[in-house]
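Asks: Okay, structure incoming, though there's no sequence with it:
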C-alpha cells in the first residue's frame, strides 16, 4: 500500500493556539503524531504536510494521485473557493477524503459550499482531530476491500 | 453508557435491493448485524429502527435525547426538507451524528442543503455501510472522552 | 359555539423542559390547563392535541373544519415546510389562528416563510404561552361578532 | 397484469365538497367508481387509496414497485415538498404517472416545482377527474406495448 | 365539432430520425397518421401543422381560437421562451392542451419553466406519441361534456 | 405603569373610509376610542398618534423607550422598508408589539419582509381593530408579570 | 373638473442646475410655468408642489384623492423604495400618472423596480419636461372620456 | 419630416375583440385611423404595420432607422424576451418610443423586464389607445425641437 | 467535403454601417468575400446566409446537419434567448462553431448566457471578422483529422 | 474654506446612552465638541446636525453642495435604504465622506448594501467616534490638495 | 509598540504606472516612503511588503498576529475571493485595518463583497494613498487608547 | 515583434495523461512543441510556462504586459475564481487571448463565469490543442494589423 498523504491547507498551522472554542486545543503536530502512530501499527508510511499556498496543495495532490496514494485533505478555507483543487483531484484521479475539524455547516453561510465534496470519495466533519482518525480508518477499510 | 440509537428514514428499507450503483448491495439488515456485532464487542446495546414517517423519527429522537443516548441518524430524503428533525435534535439536546451512504454533494442540487447538519455534532458521508461504522467509532470515542 | 381546537405540531411535547431561553418554562400541559380554565369560564369545550406527524394535523384540521370549529394552530417547524397544512386549511375552509411561542422572525432565516399564514385568519407570535391566550380571546371575539 | 395502484395524498379526501371552483364537484369516491368500472372492462384489478401521511404514500409506492404494479399518483401538496416520494419512486423502480386535477402551473408559485416529475414516467394535469382516466389509458397502452 | 388543430413547434420535423433515446422512433408523419385515424373514427377533421417560426404558431393559434377549435400544442423549445404564445392563447381565448413527448422536468433546468402551462387547460408530458393520443381523448371528452 | 403608546404609520389616517375589503370599516378614531376605554378601565393613560413621516415614528419610539413605556406599533408600509425603525426600537430599548390590521402574509410579496419583527417582542396580525386590543392585552399581561 | 395636482419628490428642486446630461436644463419652475399655461388654456387650475419628505407626498396624495383630483407624480428616488406611496395611491383611490424625466430603465439596476407603477394608471418616462406635458394631455383626455 | 412608423408586435391584431378588460375595445384598425387623422393634420405620412414574427419587426426597425424615421413600437410580448429587437434599435440607431396599452407593471412578474426600454428614447404605458397618441405627440415635439 | 455553411442571425445585415466601435467597419458582404476566397483556395464551396428570423436559422441548421456540412454560426442576439437553436443543433447533430465579432462577455449582463455554447463544438469571440476566419481554420483542421 | 458639514441620520441622537457594546459610550454632543475643537484649531467653522427625517438630510446635502462645503455623512439606517440620499449627493455634486461608528459589514446582512458609497468620495467605518475624526483629516487633506 | 505591518496584495506592485485614472500616480515605493516618514516621527518601525501570492499574505498575517503587531491590509482583488485571509485574521487574532485606494463600491459588482471586512477592525476606502495614512492614524490612536 | 507568451494555469501539467475524454491525449510538452514550430516559421520567439500558483501567473502577466508582448492564457480553474488575474490583465494593459481546451460552457455550472473574459481581447474554447494554434493565428493577425 502507498503512503497515506495527509494534506492541510491555509491557517491550519495555527491549530491549537488560536480559537480553541472552534478548533480545539490539539496542535497540528499532535495530530501528526497520532496519525503517525496509527500508520506505524499498520506498517503504512505517512506523508503529512501543510501549506498556505493553494498551488502547493495542487502539486501535492498531483503527486499523491500519480503515486496511487490515498489522500486525506483538509483544505481549510480553500474548500469553499478553489475550483483548482477540485480539478486537481479529478485530473489526478486521486482518492480523496475531505475532512474538517469543525462542523462547517453550522458556521458562516459562505462556508456552506464545498468545491472539494463533488470530487471527493466522502466527507467527515465536526469531530475535531478525531475527523482525521476516522478518515484514516476509511482509508484502511478501502485498501482491504481492494486486496 | 446508554444504548446507541441508529435511526433510519424514508426508503432505507429498500437498501441493497435497489439502485446498487448508488447505495451498494448491503441490506439494512446486514448493516444492523454488523453494528450489532460491533456494539456487542463493547458491551453496548443497540436500538436500530427505520421508518418512512417523519413523525416517528421525531419521536425516536426525543426518546434517545431523553435517555441521554447517542444517535446515528440517516434521515434519507428528510435531511433536505425537515426542519422538524432539526428542532427535535435541538429540543431534545440529543447527541446526533449525521450519516449518508452516498456522497450527497455529488448528486442533485436539491440534496445540497441539510437541515440536520447545523444541529448535529458531525457528518460522515459517502462511505456506504462503512459510514455507519465510522459513526459508531466516533460515538465510542466520544464516550471515552467523557469518562 | 363549537369546541375550540388547539392543535400543536412537532416537538411541542418537549415544551418547558428544553431550550427555556427560547420557549419559556411552561409545559404544554400547563398551557392546556390555562386554556381549559379560560374556556370553562365561557362554557366552551376545548379540544387540545399534539402530534409529531403532519398527517395527524391535516386530519385534525379537516375534523375541525367539518365541525365549523375554530382552530388555534401552532404547527411548529411544519409552519415553514408544509404546503399540505396550507391546503388543509383552505380545503376544509377552517377558521385558523396561527400562533408561535417565540418571535420566529428573529431566528434562523429558514423560519421566515410560513405556509400557514396565507391561509390563516391571523397570526400571533412571540408572547410565549400568552400567544395561545390572546388567540383564544380572538376566537371569542370572533364568535361574538357572528352572533 | 398487476393491479393498478391509484394513490392519493393529503387533502384529496375533501374532494368534491370544498373549493369546487378549483377542484370540481366530483368526490374521490366517484373517481374511484369510474376507475373501478374502467378497470373492470379490462379485467384489471384496482387498488385505490388515500392518506394524509407522507409515510403511507412511501410505503404504498414500495409495495406497488415491489409487485411490478403501475402507479397513478396524485401526491397533492406533497408533490412540491417531498423528496422522500421522489426517492421512493426511484428506489422502488416504480412505474409512476403523476396526475393533478387542476393546472398547478396556473396557481401559486410555490406549486411550480414538482419533486415527483423527474422520477415519473409522465405527467397529466388540469383535466379534473379526467386526468385520472387519461392516466389509466396511458397505463393500459404501456401494458400493451410490453406484451 | 370544429376540426382539432394539432400544432407543432421548432425541430419537431426532425422527429424519429434524431435523438431517439429521448424522443422515440416515431416520425411526425406517423403521429399525424395515427391522429388522423382516431379523428376519422369520430368523424372529426384534423388540422396538423409544424413550423420552426414562432410567428406561424401565433397565427395558427389565432386561427383556431377564432374558429372555436380545440388545439393540441407541442411548442417545442418555444415552450420555455415564448410569452407571445402565452398571449396568443389568452388573447384568442383558445382551448389548448400542452403536450410534450419527453418528460421535460427530467431534463436541463432551462426547460423547467413553461409559459404555455398557465394559459393552457392542461398538460400531458412524457408518453412519447401517446401524449398526443391522450390529449385527443381529453379533447373528445371535453366536447362531450359541452354537448 | 407608564402610558401605553400606540403609534400608527403612513396611510392609517385613511382607515375606515378606503379599501374596507382589506382594512375593515372602523376608523382610526374609533380604534382610538376603544383603546381609550380599555385603558381607562385599567387606570392606564394612553398616547395615540399617527404620522405619514418615518422620522416622526422614530422620534416617538425614542420618547416611549426613554420613558419606559410600552409601544403598540402599526408602522404600515414602513414595516417593510424602514431599517431606521428597526434601529430605533433596538436603540431605545423599547418594548414594542407589532400589529397589523390585515394578514400581511396573504398579500403582495413585497409585504413579506418585516424589519420591525426582529426587533419587536411579538407580532399580532390579521384581526382588524381586534389586533390592537389583543396587543393591549399582551401589554397588560406583561406589566403584571413584571410587578 | 378638479385642479390637477403635480407632485414632485426628492431632489427635483435641483432640476436644471445639476446633471443636465441626464435631466436637461429646464428648472422645476420652468416646468411649472409651462404646465400653468397649458392648464390656463383649458380653464383648469393647477397645484404644483415639491418636497424631499416622503410623508409630505403621502399627505398630498391623500388630499388629491379626497378631492377627486388627478395626480401627476414624479416621486424621484422614492419611486424605487416607497411602499408607503404605493399604499397612499391605493388607499386614497387616487388617479395617478407616474412620470420620469429620464428613461429610468437605462440607468442603474436599483432603479428598475417601481412601487408606483402597479398602483398608477400609466407611466410616461424619458421625454424630459415633455413627460409632464404628455401626462397632462392624458389627464385631459381622461376627463373628456368621463364627461 | 420622414414618415412616422408605428410597429405592432405579436397578438396586437386581436385588439378590441379579446380581453377588453385589459386591452380596451378599440381595434388596431381604429387606432390606425386615429393616428392617420392626426398625422394628416400635420401633413406627415404614416407607416402602420403589425406582425407576429420577431424577424419582421427587426426588418422594419432597420428600414425606419435607415430612413431616419421615428418609430412608435408596441412589441407586445417580445418586449420581455427579444434582445434582437434591442440590438435592432441600437444597431439601426433608430429613434424609438416604446408604448403599451396596459400598465405592464401591474401584471405578471415575467412582464416586468423590458429589453426595449434601455434602447428606447422613452416609454408610455397604461393609457390604452391614448398611449399611441401621446407617443405621436412626443414625436412631433421632438421634430419641432430638431428644426 | 461538404460545403461550409456560415449562418448569421438578426441585425448582422447592418454590419459595418452601424456601431463600428463595437462591431468594426467590415460589412457582412466583405466577410462573405474573404471567406469565399479562403474556401476557393481549398476547393471547398461555401453557403453564406443571413436572416432576422429564428425559424430560418433553425431550418438552415437542419439543412446543414442533414447534409453533414459544418456550420459557423453567429446567432447574434438569439444566442442568448433561443433554446430552439440549441435544440436544432442537438437534433440535427450538426457540427457547429459559435462565433461572435465582439467579446460578448465584456458587455451587458444579459449577454452572458449562451444557449448555443453547450451544443456547439467550440466558441470563438472577440476578434471581429477574424473570428470567422479562425473558425474556418478550425473547420478545415477538423476535416483533416477525419480524413 | 467653507464650513464642514457633519450630518447625522436617524437614531444617532441616542448615541452613548444605548447599545454601548456596538456604538461606544461617547454621545453625539461629545463628538460634536471634539470636532468643534479640531475645526477651531484650523480656523474652520463647523455645521453639525442630526435628524430622524430623510427629507431633512436631503435638504442639508443640497445646502452643503450649493455652498461647496464638504460633508461628513453618517446616514445611519438610511445608508441601506435611501436612493434619495444617493441622488441628493449626485445631484448637488457634494463632496461627501461616508462614516460609520461600527463595522457595518460584520452585522446583519441587510446592512451590507450602501446606497451612499457609490456616490461618496470615500468610506470610513468601524472606528467609533474616531471615524469622524479620520474623516475630518481627509477633508483637511483634500482642501490642502486643492489650494 | 510593535512595528506596524503594511501588507499589499496582488497587482499593487503596478501602482502608479498603470490605470492612473483609478489608482492615482503615486507608486507603492512612494507610499512606502511617506509611511516610513510618519512612523519615524513616532519612533515606530514599519514592515512594508507586497506579494502576488495569497499564501504569502496569509503567512505575513500570522507573523504579525503572533507578534501582536497592527496590520494595514490592502488585499487587492483577494479582498473579494479569499476566505483564507478572513480565516488568517480571525485565527491569528490580528488587529487589521482594511484599506483600498479606490472606492471599491463604485466599481464592478464583483467587487462589492469583502471577506476581509467582517474580520477587520475597520475599513477606509477611496482616498488614494491618503487611505494608508488615515489607517496609520487609526493605528496610532488605538495604541494611545491601550496605553 | 515581442515574444509570444503562452501561460498555463493549475493542473495543465497533467495534460494528456488524465481525463483524455475531456482534454485529449496531447501533453503540454507536445503543445509547446507545435507552437514552437509555428513561431519559428515566423521568426518569433516563444515563452511557454505553466504554474499551479496564481501568483506566478500574475507575475508573468505583469512581465508580458511590461514588455508589450501578446499573451495566450489558459488559466485553468482560476478562470472562474481569480479577480487577481482580471486585475493583472487590466493593470498591466496586456493583450490577452483566453483559451480553453474543452468547451467550458458544456460542463459544471460553476465553470460558466469567467473573470478573464471581460479583460481579454477574445476567447477561443473547445478545440483541444487547436485552441492554442487558433489563438496564435489571431496574435499574428493582430501584429500584421499594427505594422
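Replies: Okay, I see it. What you are looking at is a predicted structure, and each value in this text was computed from that prediction instead of being measured. Residues are numbered from 1 along each chain as shown, chains lettered A, B, ... in the order given.
Asks: So is the helix ranked longest in chain A next to chain B?
Replies: Taking DSSP state H as the criterion, chain A has its longest helix at helix A:130-146. Yes: using CB under 8 Å from any CB of the partner chain, helix A:130-146 reaches chain B at A:130-131, A:133-134, A:137-138, A:141. Every residue, glycine included, has its C-beta placed from N, CA and C.
Asks: Could I get the buried residue list for that helix?
Replies: By neighbour count on 16 or more other CB atoms under 10 Å in any protein chain shown, the buried set for helix A:130-146 is A:130-140, A:142-143.
Asks: Right, and chain E sits closest to which residue of chain A?
Replies: Using CB to the nearest CB, the single residue of chain A nearest to chain E is residue A:118, 16.9 Å away.
Asks: Count the residues that sit near the residue lying closest to that residue once chain neighbours are set aside.
Replies: Nearest residue to residue A:118, sequence neighbours excluded (CB to CB, 6 or more residues apart in numbering or on different chains): residue B:106, at 4.5 Å. By other CB atoms under 10 Å in any protein chain shown, the residues close to residue B:106 number 15.
Asks: Nearest to chain C among the buried residues of helix A:130-146?
Replies: Taking the buried residues of helix A:130-146 together and measuring to chain C by CB to the nearest CB, the closest member is residue A:131, at 25.2 Å.
Asks: which SS class is the nearest residue to the closest one once chain neighbours are set aside?
Replies: Distance criterion CB to CB, 6+ apart; nearest residue to residue A:131, sequence neighbours excluded, is residue A:99 at 4.5 Å. Per DSSP: H, G, I helix; E, B strand; the rest coil, the local secondary structure of residue A:99 is strand.
Asks: what's near enough to touch residue A:99?
Replies: A:72-74, A:123-125, A:131-132, A:135 (CB atoms under 8 Å, 6 or more residues apart in numbering or on different chains).
Asks: Which of these sits closest to residue G:50?
Replies: residue A:125 (59.1 Å; CB to CB).
Asks: which phi and psi does the closest one have?
Replies: phi -140, psi 140 (degrees, to the nearest 10).
Asks: I'd say residue A:81 and residue K:80 touch.
Replies: No: Residue A:81 lies out of contact with residue K:80 (CB atoms under 8 Å); the separation is 10.3 Å.
Asks: Of those two, which one has the most company?
Replies: Per other CB under 10 Å, whichever of residue A:81 and residue K:80 has more neighbours is residue A:81, with 21 against 18.
Asks: how far away is the closest residue to residue A:117 other than its chain neighbours from chain C?
Replies: Among residues not flanking residue A:117 along the chain, residue B:105 sits closest, at 3.5 Å (CB to CB, 6+ apart). According to CB to the nearest CB, to the nearest Å, residue B:105 stands 19 Å off from chain C.
Asks: which residue does chain A bring closest to chain D?
Replies: Counting by CB to the nearest CB, chain A gets nearest chain D through residue A:105, at 18.0 Å.
Asks: Please verify my assumption that that residue contacts residue B:112.
Replies: No: if you go by CB under 8 Å, residue A:105 and residue B:112 don't touch, sitting 10.8 Å apart.
Asks: Any idea how far the longest helix of chain A is from the middle of the chain?
Replies: In terms of CA atoms, centre = their mean, to the nearest Å, the centre of helix A:130-146 is found 12 Å from the chain centre.
Asks: now that helix against helix B:130-146, angle please.
Replies: 140 degrees (axes from the mean of the first three to the mean of the last three CA atoms, to 10 degrees).
Asks: And the average pLDDT for helix A:130-146 is what?
Replies: Mean pLDDT, helix A:130-146: 89.
Asks: I'd like to know which elements it is packed against.
Replies: strand A:4-8, helix A:28-42, strand A:71-74, strand A:96-100, strand A:122-125, helix B:130-146 (3 or more CB pairs under 8 Å, 6 or more residues apart in numbering or on different chains; DSSP states H and E).
Asks: right, is the fifth one up against chain K?
Replies: Pointing back at strand A:122-125 there. No: using CB under 8 Å from any CB, we find that strand A:122-125 stays clear of chain K, coming within 15.8 Å at best.
Asks: Touching that strand from outside, list them.
Replies: Taking CB under 8 Å, 6+ apart as the rule, strand A:122-125 contacts A:97-100, A:102-105, A:114, A:117, A:131, A:134-135, A:138, B:103, B:105, B:122-127, B:131, B:134.
Asks: Next, the buried residues of that strand.
Replies: A:122-125.
Asks: where does chain A have low pLDDT?
Replies: Per-residue confidence for chain A (pLDDT under 70) gives these ranges: A:1, A:18-23, A:147.
Asks: what about 80?
Replies: A:1, A:17-25, A:104-110, A:112, A:144-147 (pLDDT under 80).
Asks: so what's the closest residue to chain I within it closest to, chain neighbours aside?
Replies: Taking CB to the nearest CB as the measure, chain A has residue A:83 as its residue closest to chain I, at 17.8 Å. Of all residues not flanking residue A:83 in the chain, residue L:77 sits nearest, at 3.8 Å (CB to CB, 6+ apart).
Asks: Was I right to think the one you found contacts residue L:12?
Replies: No: look at residue L:77 against residue L:12 with CB under 8 Å: they stay out of range, at 9.9 Å.
Asks: Closest one of the buried residues of strand A:122-125 to residue E:93?
Replies: Checking those against residue E:93 by CB to CB gives residue A:123 as the nearest, at 55.2 Å.
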